[in-house]
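*Asks:* just need the structure, nothing else, for what follows:
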Amino acid sequence: MTKILISGGSGLVGTHLTKLLQSNGHSVSHLTTRKSRVGERDGVSIFYWNPAEKQIDTKALDGVEVIINLAGASISKRWTTSYKKEIVDSRVNSAETLIEALKNNNHSVKHFIAASAIGFYGSHPTKEFSEDDTAGKGFLADVVKVWEEANLQVKQLNIPLATLRIGVVLDANEAALPQLAKPVRYGLGAAVGSGKQYMAWVHIDDICGMFYHLLENKLQGIYNGVGSYSVTNKALTKEIAEVLGKPLWMPNVPAFLLKLAMGEQAQLALMSTKVSSKKIEASGYKFKYPDLKYALQDLL
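*Replies:* Numbers count the residues shown, from 1 in each chain. All right, here's what the predicted structure looks like:
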């Protein structure tokens, strides 16, 4: 049994990952910014922290061998100037608070696993990105770059670091898939923009499986947390329609309408990020859902 501390444990990935870890006999604790949640819930010990103020209950570190840092404000809210700052600060402050706590207290942490995102690569219409590629351009690339730099400081404490750049997580109830499937269910599904932009998807079970794989094999370095292949927006929309048994007849939603509705955040739907999973596969990871159709059938 390994004792694991998760920041961001109440989020989509954190919730599913916690259940996976517990089912394999590991002890899991969480950090929370809500004092009302402190205590014991469903076998998880929950400790208070406030990354914005660099505060943490250091008892959270007792006996912990692995830290999994998933903390960060959602990018699915409208990107106002103030919220963009929150997106950055929440990630940097969380990493720095954890690392400062390790630096200033006795601990038994032997492995630090950090979430990141494929937004690091920016957008390109056709290029397939690997972990060796440099940071792209744009707000998301800038966010991920400083996020990874913040987590990288843990290596100064001689603690091995593994970083997982997460793609678009497909889940039945949260994140992108329910939003993509809703108009399709009503017969109003349509690709957005040109429809040719690539999306690097990954089933929720596989992204959690990858975190577990990094932990169990004590891996270090950067890995792409994406499915076995990327798919265009048009192909994804078509696949959703086929799985739901719905027609797909609407014209593409013009990019300018999406930008009017979402502002700068529209780039989440319009950017093209084709990403390779070869490195994590070469490390021994086996996909539970290597095919998009089967992933969608499971979730929809």
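*Asks:* who touches the residue lying closest to residue 144 once chain neighbours are set aside in this structure?
*Replies:* Of all residues not flanking residue 144 in the chain, residue 120 sits nearest, at 3.9 Å (CB to CB, 6 or more residues apart in numbering). The C-beta positions use only the backbone N, C-alpha and C, and glycine is treated the same way. Neighbouring residues of residue 120 by CB atoms under 8 Å, 6 or more residues apart in numbering: 135-136, 140-141, 144-145, 148, 165.
*Asks:* surely residue 120 forms part of a helix?
*Replies:* Yes: with DSSP: H, G, I helix; E, B strand; the rest coil as the criterion, residue 120 is assigned to a helix.
*Asks:* and the contacts of residue 120, which is closest to residue 281?
*Replies:* Taking CB to CB as the measure, residue 281 sits nearest to residue 165 out of these, at 14.5 Å.
*Asks:* returning to what we had before: pull out the buried members of the contacts of residue 120.
*Replies:* For the contacts of residue 120, a neighbour count by 16 or more other CB atoms under 10 Å gives the buried set as 136, 140-141, 144-145, 148, 165.
*Asks:* mind listing which of those are in strands?
*Replies:* Per DSSP state E, strands hold the following members of these: residue 165.
*Asks:* pLDDT added to the buried ones among the contacts of residue 120, as JSON lines?
*Replies:* As requested, those are exported to JSON lines (pLDDT from 0 to 100):
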{"residue": "136", "pLDDT": "97"}
{"residue": "140", "pLDDT": "97"}
{"residue": "141", "pLDDT": "98"}
{"residue": "144", "pLDDT": "98"}
{"residue": "145", "pLDDT": "98"}
{"residue": "148", "pLDDT": "98"}
{"residue": "165", "pLDDT": "98"}
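*Asks:* just the ones of the buried ones among the contacts of residue 120 in helices?
*Replies:* The members of those that map onto helices under DSSP state H are 140-141, 144-145, 148.
*Asks:* now, the most widely separated pair of these?
*Replies:* Maximum pairwise distance in those, criterion CB to CB, is 12.5 Å, between 140 and 148.
*Asks:* can you give me the strands in the stretch 101-250 of the chain?
*Replies:* Applying DSSP state E, counting those that start in this stretch to the stretch 101-250 of the chain gives strands spanning 111-117, 128-129, 161-166, 168-170, 198-199, 201-203, 221-225, 231-232.
*Asks:* same list, those, but as CSV with distance to residue 44 please.
*Replies:* Shown next, in CSV, are the strands of the stretch 101-250 of the chain (distance: least, CB to CB, whole Å):
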stretch, distance to residue 44
strand 111-117, 17
strand 128-129, 35
strand 161-166, 21
strand 168-170, 21
strand 198-199, 32
strand 201-203, 23
strand 221-225, 23
strand 231-232, 35
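*Asks:* nearest to residue 2, of the ones you listed?
*Replies:* Of all those, strand 111-117 comes closest under CB to CB, at 8.9 Å.
*Asks:* can you tell me what sits against the closest one?
*Replies:* Outside of strand 111-117, the residues within contact range by CB under 8 Å, 6+ apart are 8, 13, 65-70, 72, 95, 98, 140, 143-144, 147-148, 151, 154, 159-166, 211, 214-215, 218, 222.
*Asks:* pLDDT on that strand, on average?
*Replies:* Taken as a whole, strand 111-117 carries a mean pLDDT of 98.
*Asks:* for that strand, the distance to its chain's centre please.
*Replies:* Averaging C-alpha positions (CA atoms, centre = their mean, to the nearest Å) puts strand 111-117 10 Å from its chain's average.
*Asks:* just checking: what are the partner strands of it?
*Replies:* strand 66-69 (parallel), strand 161-166 (parallel) (DSSP bridges).
*Asks:* just the CA atoms of the shortest one, as CSV, please.
*Replies:* Output of strand 66-69 as CSV, limited to C-alpha atoms (Å, rounded to 0.1, in the frame of the first residue of the first chain):
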residue,chain,number,x,y,z
VAL,A,66,3.5,10.1,-3.7
ILE,A,67,2.0,13.5,-4.5
ILE,A,68,-0.3,13.9,-7.5
ASN,A,69,-0.8,17.5,-8.3
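*Asks:* what residues of it count as buried?
*Replies:* Those would be 66-69, for strand 66-69 by 16+ other CB under 10 Å.
*Asks:* for those, give me TSV that also has distance to residue 239 and pLDDT.
*Replies:* Rendered in TSV, the data for the buried residues of strand 66-69 read as follows (distance: CB to CB, whole Å; pLDDT from 0 to 100):
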residue	distance to residue 239	pLDDT
66	36	98
67	37	98
68	31	98
69	33	98
